[in-house]
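Q: structural data only, the sequence is not supplied:
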């Protein structure tokens, strides 16, 4: 089994509701490399609905969010020539999130999220992503991910 | 007790994971008027974390999302001189969602989301919102909400 970048976050950073492997209630989004892109697969629960038959937009935004910050981390490790999981940890939070809902996303099928880094500059990584249901693009997203500073949350 | 716009959605549209009163697993976001603004209050669960002590961005995006589509519905009823809950139902979905994370949002306190309509044109309503924790703005959002067409999800 191939390890996702989130599988190698240090324990203190592995409780995210979207992608933390240690959050019992979370989505457990897992980001893997596929060439120069990253890919994640997620099957929403029956109760993740917007209206009957379709996936809730906030869950789709969460997929875009965590797969993008995961992609930013994976790309930062790759750019540094390091393996994910090595110290010091490279972990990103979301500075801004933009999601376009192209069409309703059907509920009950696995969703594939593909992402690509379009800019890396200093501590900032910009990631574009697309959500596919049964091969059809239903959502596109753009995230500005920012590497967690040492003093995160202290001010 | 004052009724929120979501309390008066018809049953068929009341299962949204973010704001549906009938979704047992959902967030139950409730949008109320406060003058020309709308307000919602939501307290994240302990497991809605990003990193220790702070709220997960996908949940914050969900608050922005559902409070904005609820605000769009409330504003559409008000513009039509109608009470929410009267037929035909005015219900909106999200065309696009933009969220800026200004600073980490502390976990463990009630969050207040305030929104305002900045444009109404045809079936489209643009809503801007701000999330406050203990009086401090931590997140701003902008949603383009689109009134659900009769044939929603059929193509």
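A: Sure thing, it's come through. Not measured: the values here are computed from a predicted model.

Q: wait, doesn't residue A:66 sit right on residue A:19?
A: Yes: between residue A:66 and residue A:19 there is a contact under C-beta atoms under 8 Å: 3.9 Å. Using the backbone N, CA and C atoms, a C-beta is placed for each residue, glycine as well.

Q: any chance you could map the helices in chain A?
A: For chain A, the helices defined by DSSP state H occupy A:57-79.

Q: give me the common contacts of residue A:66 and residue A:19.
A: In terms of C-beta atoms under 8 Å, 6 or more residues apart in numbering or on different chains, residue A:66 and residue A:19 are both contacted by the residues A:6, A:27, A:29, A:31.

Q: I figured the first one hits residue A:27, correct?
A: It refers to residue A:6. No: in this structure residue A:6 lies outside contact range of residue A:27 using C-beta under 8 Å: 10.5 Å.

Q: overlap in contacts, those two.
A: A:19, A:66.

Q: these two: who's more crowded?
A: Neighbours per residue (other C-beta atoms under 10 Å in any protein chain shown) separate residue A:6 from residue A:27, with residue A:6 holding more: 27 against 22.

Q: apart from its neighbours in sequence, what residue is nearest that one?
A: residue A:19 (4.6 Å; C-beta to C-beta, 6 or more residues apart in numbering or on different chains).

Q: quick one: low-confidence ranges for chain A?
A: A:1, A:150-155 (pLDDT under 70).

Q: centroid residue for it?
A: With distances taken as C-alpha atoms, centre = their mean, the residue of chain A nearest its centroid is residue A:67 (1.2 Å).

Q: what about that residue, distance to residue B:17?
A: 19 Å (C-beta to C-beta, to the nearest Å).

Q: what distance separates the start and the end of stretch A:26-33?
A: 22 Å (C-alpha to C-alpha, to the nearest Å).

Q: ok, stretch A:32-39 next?
A: 5 Å.

Q: again with stretch A:72-92
A: Counting by C-alpha to C-alpha, you get 7 Å between the two ends of stretch A:72-92.

Q: so what's residue A:125 up against?
A: A:71, A:72, A:75, A:76, A:92, A:117, A:119, A:144, A:145, A:146, A:147.

Q: give the burial count for the second one, as a bare number.
A: Neighbour count for residue A:72, taken as other C-beta under 10 Å: 31.

Q: my read: it touches residue A:92, true?
A: Yes: counting by C-beta under 8 Å, residue A:92 is a contact partner of residue A:72 at 4.3 Å.

Q: list residues touching both of these two?
A: Common neighbours of residue A:72 and residue A:92, using C-beta under 8 Å, 6+ apart, are A:125, A:145, A:147.

Q: just put those in TSV and tack on distance to residue A:55.
A: Formatted as TSV, these follow (distance: C-beta to C-beta, whole Å):
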residue	distance to residue A:55
A:125	26
A:145	23
A:147	30
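
Q: out of those, who's nearest chain B?
A: residue A:145 (10.5 Å; C-beta to the nearest C-beta).

Q: does that closest one touch residue A:67 like I think?
A: No: look at residue A:145 against residue A:67 with C-beta under 8 Å: they stay out of range, at 10.6 Å.

Q: which stretches of chain A form strands?
A: Here chain A has its strands, by DSSP state E, at A:32-34, A:37-42, A:92-101, A:111-121, A:124-133, A:136-147.

Q: nearest to residue B:55, of those?
A: The minimum distance between residue B:55 and these falls on strand A:92-101, with 11.5 Å, by C-beta to C-beta.
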